[in-house]
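Q: Sharing a sequence plus its predicted fold:
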Amino acid sequence: MKILIACEFSGIVRNAFLDKGHDAWSCDILPSDDGSNRHITDDIRKVMKMENWDMMMVAHPPCTRLCNSGVRWLKSPPPGKTVKEMVRDLREGTNLFQDLWNSDIPKIAVENPIMHKYAKKRIKNYKHYDQKIQPWQFGDDPEGQDNVSKATCLWLKNLPILKPTGTLDGTSARNDIHNCPPGPDRWKIRSTFFPGLAKAMADQWG
């Protein structure tokens, strides 16, 4: 299949599908971390119209203003920000989710945290997420990258529910994402994908 991995600069999901023999490409407004020539640095809304893609996996769209954990900022903005700016960010985030979800690509998977009600109301053709997973469900090594807690929702179009493949039970899962300290790279650490989960997607959807 010709597959577009949207909103990804790490290449983790793209490489998982490449390993299965697919014509996979990643896209983000940032350059690829691994310097791959299979990465397109551009607005995903332009790229998804460039080719007749068979499947689009939206790996990590901007979610700061859409997720439940950030809903408080809509009424009490963080230092240096205004309510108007928060509403603008919410509008931009929901517009992106809406454009991706409503595209005419046959198979679509969108990954995002649990969304608050204000975001849901703004998205055309919004539906409840199809499943909620944890990265540790796809890991085998207690010390590995996948053994972390991060509730992740999947919105699926013409794709089956993802089946857990790991042996971990969640009791040793780390809170790396929640406990990530403030800093210039915090957003990058929190948006990094998980190799076990990426492999399961490629195996089951590819």
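A: Now that the structure is in, tell me what you want to look at. Residues are numbered from 1 along each chain as shown.
Q: Tell me where the chain has strands.
A: Along the chain, the stretches classed as strands by DSSP state E are 2-6, 23-28, 39-41, 55-58, 107-112, 131-133, 152-157.
Q: so residue 133 makes contact with residue 197?
A: Yes - with contact defined as CB atoms under 8 Å, residue 133 reaches residue 197; the gap is 7.4 Å. The C-beta positions use only the backbone N, C-alpha and C, and glycine is treated the same way.
Q: more crowded one of these two?
A: Neighbour totals were compared for residue 133 and residue 197, and residue 197 leads with 29 against 19 (other CB atoms under 10 Å).
Q: give me the number of residues near the residue lying closest to the more buried one once chain neighbours are set aside?
A: What sits nearest to residue 197 in space, not counting adjacent residues and going by CB to CB, 6 or more residues apart in numbering, is residue 138, at 4.5 Å. Number of residues near residue 138 (other CB under 10 Å) recorded here: 25.
Q: Distance check, residue 138 against residue 10.
A: 16 Å (CB to CB, to the nearest Å).
Q: where does the chain have low pLDDT?
A: Applying pLDDT under 70 to the chain picks out residues 61-74, 177-191.
Q: Please repeat the previous calculation with a cut-off of 90.
A: Across the chain, residues meeting the criterion (pLDDT under 90) sit at 58-95, 97, 112-122, 150-152, 175-193, 206.
Q: quick check: longest helix of it.
A: helix 83-101 (DSSP state H).
Q: Can I get that one as CSV, trimmed to CA atoms?
A: C-alpha atoms of helix 83-101 as CSV (Å, rounded to 0.1, in the frame of the first residue of the first chain):
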residue,chain,number,x,y,z
VAL,A,83,-8.1,33.2,26.6
LYS,A,84,-8.3,34.5,23.1
GLU,A,85,-5.0,32.7,22.2
MET,A,86,-6.3,29.5,23.8
VAL,A,87,-9.5,29.6,21.8
ARG,A,88,-7.5,30.3,18.6
ASP,A,89,-5.3,27.3,19.3
LEU,A,90,-8.3,25.2,20.0
ARG,A,91,-9.8,26.2,16.7
GLU,A,92,-6.7,25.4,14.8
GLY,A,93,-6.3,22.0,16.4
THR,A,94,-9.9,21.0,15.8
ASN,A,95,-9.7,22.2,12.2
LEU,A,96,-6.7,20.0,11.6
PHE,A,97,-8.3,17.0,13.2
GLN,A,98,-11.4,17.6,11.1
ASP,A,99,-9.6,18.0,7.8
LEU,A,100,-7.6,14.8,8.4
TRP,A,101,-10.5,12.7,9.6
